[in-house]
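Visitor: Here's a sequence, model it:
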Amino acid sequence: MSLKLTLNNLNDISQVADRILEYTSFSKRYIFYGEMGVGKTTLIKELSLQLGTVDIVSSPTFSIVNEYAINDAQKIYHFDFYRLENESEALDIGVNEYFASDNYCFIEWPEKIPSLVEDDMIVIKIKLEGMHRIIEIII
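Guide: Residues are numbered from 1 along each chain as shown. I've put the predicted structure just below:
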């Protein structure tokens, strides 16, 4: 199943994030596909805010993973695998433990870790069409 949403401007990102969270409420692991600069981190920031984090959400390009607190018991792990040379680097940081936790995992550049992507992860594809972003959610 899939759902396509159109983001006409950044003023609508809150509604788009809300719709994504409603549509995917059964899962906490999301993989984001899209070209550089298409808005993956911006969407993850809005999703994280709607989930209740008060932490500053930024791209973990250099740290590979950022952690944001939602409440005393829940966290969001935000991964950016763009700079990885191979999957073993993801394994070295303990990615399997993060993925197995009961916390949210938002994963940018999953194409860098193809054998670690699991079938039950929510797929979010973002692409530009003119001045609009098309966001496809595949469950």
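
Visitor: So residue 136 versus residue 97, what's the distance?
Guide: 29 Å (CB to CB, to the nearest Å). For the C-beta atoms, the positions are set from N, CA and C on the backbone; glycine is no exception.

Visitor: Would you map the strands across the protein?
Guide: 2-7, 29-33, 65-69, 75-80, 104-108, 122-129, 132-138 (DSSP state E).

Visitor: Tabulate those in JSON lines, adding columns for mean pLDDT.
Guide: Listed next are those as JSON lines, based on pLDDT from 0 to 100:
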{"stretch": "strand 2-7", "mean pLDDT": "94"}
{"stretch": "strand 29-33", "mean pLDDT": "98"}
{"stretch": "strand 65-69", "mean pLDDT": "96"}
{"stretch": "strand 75-80", "mean pLDDT": "97"}
{"stretch": "strand 104-108", "mean pLDDT": "98"}
{"stretch": "strand 122-129", "mean pLDDT": "96"}
{"stretch": "strand 132-138", "mean pLDDT": "96"}
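
Visitor: now those as a markdown table including distance to residue 13 and mean neighbour count?
Guide: Below are these laid out as a markdown table (distance: least, CB to CB, whole Å; neighbours: other CB atoms under 10 Å):
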| stretch | distance to residue 13 | mean neighbour count |
| --- | --- | --- |
| strand 2-7 | 6 | 14 |
| strand 29-33 | 14 | 21 |
| strand 65-69 | 17 | 18 |
| strand 75-80 | 16 | 23 |
| strand 104-108 | 15 | 25 |
| strand 122-129 | 11 | 16 |
| strand 132-138 | 9 | 18 |
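
Visitor: got a markdown table for those, with distance to residue 43 too?
Guide: A markdown table is the format used below for the strands of the chain (distance: least, CB to CB, whole Å):
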| stretch | distance to residue 43 |
| --- | --- |
| strand 2-7 | 8 |
| strand 29-33 | 7 |
| strand 65-69 | 14 |
| strand 75-80 | 11 |
| strand 104-108 | 9 |
| strand 122-129 | 7 |
| strand 132-138 | 7 |
